[in-house]
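Student: Structure for this input, please:
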Amino acid sequence: RETDDGLDIGCAVVLTDAVTALNRSYPELAEIWQRFASVPIRNSATLCGNVANGSPIGDSMPALMALGAIVIVRSAAGERSVPLDAFYPGFRQTARKRGEFVASVRIPRRSPNLVLRAYKISKRYDQDISAVFACFALVQDGARIAAARIGCGGVAATPRRAVATEAALAGQAWDDATADAAVRALANEFAPIDDMRASAAYR
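Tutor: Numbers count the residues shown, from 1 in each chain. Predicted coordinates:
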């Protein structure tokens, strides 16, 4: 559902329909969604289910964090909003209280002058879970970076924003020196682990 605030994707909306709607505003993410699971899964699984699952390597969460998504949770007591980047307090944990479920995910309207890129590394190109996922959303003001949001997966116990790297970018000129500073910040942002998909050193 399109609203004045953006796009609301309800809990029963399958991935195929959700990403079709997202691609209208954020076409840069089309390749990432095409690599999300297989066609049969995308036609039965839901975006809200992926968010509620809380996997540290879920493909949707880093991209949605970079876009500033908000999770709407509901129970018999009513509903409340939780920023997606505050929704995962720990490994496989969510901010849901007893009796709450994820009712929808709200993605804000596209910011003017947004530069958006997403990168997924996996053992297989298609139908594979990420080893590392990163989504970069920069809002440019001429030659300056007005704002930055970076969502990452596969590098911590939960999907996380790279807040130190965002700080290294925001307000700076978009040049080689700023890019180098962001690279250094990102290298120290997380402490990845070894698992079957990639080593900590690779990540």
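Student: May I have the residues that are in contact with residue 148?
Tutor: Residue 148 sits next to 136-139, 165-166, 169-170 when contact means Cβ atoms under 8 Å, 6 or more residues apart in numbering. For the C-beta atoms, the positions are set from N, CA and C on the backbone; glycine is no exception.
Student: Mind doing that once more with 7 Å?
Tutor: 138, 166, 169-170 (Cβ atoms under 7 Å, 6 or more residues apart in numbering).
Student: Which element, helix or strand, includes it?
Tutor: Assigned by DSSP states H and E, residue 148 belongs to strand 144-153.
Student: Just the buried residues of that strand, please?
Tutor: 145, 147-153 (16 or more other Cβ atoms under 10 Å).
Student: do stretch 64-84 as well
Tutor: 64-74, 82, 84.
Student: Likewise for stretch 108-119?
Tutor: Neighbour counts over stretch 108-119 (16+ other Cβ under 10 Å) mark 111, 114, 116, 118 as buried.
Student: Next: stretch 156-172.
Tutor: Buried-residue list, stretch 156-172, by 16+ other Cβ under 10 Å: 156, 158-162, 165-166, 168-170, 172.
Student: The residue nearest to residue 10 when sequence neighbours are not counted: what's it in contact with?
Tutor: Among residues not flanking residue 10 along the chain, residue 104 sits closest, at 4.8 Å (Cβ to Cβ, 6 or more residues apart in numbering). Listed by Cβ under 7 Å, 6+ apart, the contact set of residue 104 reads 8-11, 48, 72.
Student: Just the ones of these in strands?
Tutor: Judged by DSSP state E, those include 8-10, 72 as members of strands.
Student: what's the average pLDDT for the helix or strand following the strand holding residue 148?
Tutor: Next helix or strand after strand 144-153 toward the C-terminus (DSSP H and E): strand 160-161. Average pLDDT, strand 160-161: 97.
Student: go on, stretch 53-71?
Tutor: Per-residue scores along stretch 53-71 average to 94.
Student: Kindly export that stretch (C-alpha atoms) in PDB.
Tutor: Taking Å, rounded to 0.1, in the frame of the first residue of the first chain, the C-alpha atoms of stretch 53-71 are listed here in PDB:
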ATOM      1  CA  ASN A  53      13.100 -14.600  11.300                       C
ATOM      2  CA  GLY A  54      16.000 -12.400  12.500                       C
ATOM      3  CA  SER A  55      18.800 -14.300  10.700                       C
ATOM      4  CA  PRO A  56      22.200 -12.500  10.700                       C
ATOM      5  CA  ILE A  57      22.500 -13.400   7.000                       C
ATOM      6  CA  GLY A  58      19.000 -12.600   5.800                       C
ATOM      7  CA  ASP A  59      19.100 -10.800   2.500                       C
ATOM      8  CA  SER A  60      16.300  -8.300   3.100                       C
ATOM      9  CA  MET A  61      17.300  -6.700   6.400                       C
ATOM     10  CA  PRO A  62      20.600  -4.900   5.300                       C
ATOM     11  CA  ALA A  63      18.900  -3.400   2.300                       C
ATOM     12  CA  LEU A  64      15.800  -2.300   4.300                       C
ATOM     13  CA  MET A  65      18.000  -0.900   7.100                       C
ATOM     14  CA  ALA A  66      19.900   1.200   4.500                       C
ATOM     15  CA  LEU A  67      16.500   2.500   3.300                       C
ATOM     16  CA  GLY A  68      15.400   3.400   6.900                       C
ATOM     17  CA  ALA A  69      12.600   0.800   7.200                       C
ATOM     18  CA  ILE A  70      10.300   0.600  10.200                       C
ATOM     19  CA  VAL A  71       8.700  -2.600  11.500                       C
END
